[in-house]
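[1] got a sequence here, can you model it:
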Amino acid sequence: MRRGAESLAVLGGDLPTRTVEPVLVAAVLRMAAGEIEDYPRVQIVHSDQPVALPGYVSPSVVHLLAELMENATRFSATDVEVRTSHVTDGLAIEIVDCGPGMTAQKRAALNDLLARPEGADPRSRLREGQIGLLVAALLAKRHGVVVELYPDVMGGIRAVVVLPGRLLVTPAEQSATSHAAAPSHTPAAVPAQGVPTVSAGPERPVAGLPRRLPQTQCTTGGDDTGHSRGRPDQGDGGVRPALPRREAAPAGHVPAPALDVPREPVGPPSPDLMARFKRTRPAGD
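    Purely as a prediction, here's the structure:
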């Protein structure tokens, strides 16, 4: 499922996710065989090559080889052999099956697809369900890898993948790359910002950090009553002044009624109150 999604991404112009460290070619072959359903039928021989592939190449080569191995197991009833050998241009990987083979015309057409994948129609091959070789060809072209099909002398097809020497990493280069990428465990000295430099000479005193002194009785300042304006818990003689208290009401005291309680009129009514008010009112008001 994951490889199918990656194949669609490759058709869209993307590449498989890269790794960080180089991967040995023997590990690349095992990873490619593990990508297919019939992986028990893939026999890897002569895979002890002491070379590796960089992290930006190995995932693409794994996917490429997996597509070729899947085609080989699909058209062969027997086991599929995978061999590696050094060649002039780099490293050759052979995938040999013992299937019925194919005609020269069909083999030529597939080799043309592997050499020039940009001329193929991805939509038509996707409708036919034949995108394996197209994906392998696109990945090979991205990294300058050569893929070609040959007839095998024992019958069947021999797919040859040639990895150029510029993509191969030797054990010495791999070790140097690992040491260069390994982080140092010694913390770097970072100069402190804002810390004064201390000289060894006796004529320059060391400026230490300020320290808090223990609290003492505050005697500075005063108010009109003669009490010091120190902390509340440190008054005169260290005794806290007493807070004011409310005195109790005397016996027989009647509290004033609330404002919203109606009062009874005091004294007899005055019918001529308004007339007397008007007579005493100054003229012109």
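[2] for the nearest residue to M102 once chain neighbours are set aside, what are phi and psi?
    Using CB to CB, 6 or more residues apart in numbering and skipping the chain neighbours, the partner closest in space to M102 is I157 (6.6 Å). Any C-beta I mention is one placed from the backbone N, CA and C, and that applies to glycine too. When read as degrees, to the nearest 10, the backbone of I157 gives phi -130, psi 140.
[3] ok, now L53?
    Dihedral angles for L53 - degrees, to the nearest 10 - are phi -110, psi 140.
[4] is it true that V162 lies in a helix?
    No. Assignment of V162 by DSSP: H, G, I helix; E, B strand; the rest coil gives strand, placing it outside any helix.
[5] so how far is E21 from it?
    Using CB to CB, to the nearest Å, we find V162 at a distance of 24 Å from E21.
[6] one more: A136?
    With distances taken as CB to CB, A136 is found 24 Å from E21.
[7] more neighbours: the two, which one.
    For the pair A136 and E21, the greater number of neighbours falls to A136 (28 against 12), based on other CB atoms under 10 Å.
[8] what's near enough to touch that one?
    Counting by CB atoms under 8 Å, 6 or more residues apart in numbering, A136 touches H63, L64, E67, L68, L114, V147.
[9] my guess is the fourth one contacts V161. True?
    This means L68. Yes. In this structure, L68 is within contact of V161 by CB atoms under 8 Å, at 7.1 Å.
[10] between the two, which contacts overlap?
    Listed contacts common to L68 and V161 are I95, V147; contacts here mean CB under 8 Å, 6+ apart.
[11] tell me which of the two has more neighbours.
    Comparing L68 with V161 by other CB under 10 Å, the one with more neighbours is L68, at 26 against 22.
[12] so which bits of the stretch of helix or strand the more buried one belongs to are buried?
    Per DSSP states H and E, L68 falls inside helix 58-74. Buried residues in helix 58-74, counted by 16 or more other CB atoms under 10 Å: 58-73.
[13] look up how far Q105 lies from P59.
    From P59 to Q105 the distance is 34 Å (CB to CB).
[14] with E67 instead?
    Taken as CB to CB, the span from E67 to Q105 is 22 Å.
[15] quick one: average pLDDT of the helix holding L68?
    Taken as a whole, helix 58-74 has a mean pLDDT of 94.
[16] restricting to C-alpha, output it in PDB.
    Provided in PDB are the C-alpha atoms of helix 58-74 (Å, rounded to 0.1, in the frame of the first residue of the first chain):
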ATOM      1  CA  SER A  58      19.000   4.800  -1.300                       C
ATOM      2  CA  PRO A  59      15.200   5.100  -1.000                       C
ATOM      3  CA  SER A  60      14.800   5.600  -4.800                       C
ATOM      4  CA  VAL A  61      17.000   2.600  -5.500                       C
ATOM      5  CA  VAL A  62      15.000   0.500  -3.100                       C
ATOM      6  CA  HIS A  63      11.800   1.400  -4.800                       C
ATOM      7  CA  LEU A  64      13.300   0.900  -8.300                       C
ATOM      8  CA  LEU A  65      14.600  -2.600  -7.400                       C
ATOM      9  CA  ALA A  66      11.300  -3.500  -5.700                       C
ATOM     10  CA  GLU A  67       9.400  -2.800  -9.000                       C
ATOM     11  CA  LEU A  68      11.800  -5.000 -11.000                       C
ATOM     12  CA  MET A  69      11.700  -7.800  -8.400                       C
ATOM     13  CA  GLU A  70       7.900  -7.800  -8.400                       C
ATOM     14  CA  ASN A  71       7.800  -8.100 -12.200                       C
ATOM     15  CA  ALA A  72      10.300 -11.000 -12.100                       C
ATOM     16  CA  THR A  73       8.300 -12.900  -9.500                       C
ATOM     17  CA  ARG A  74       5.100 -12.300 -11.300                       C
END
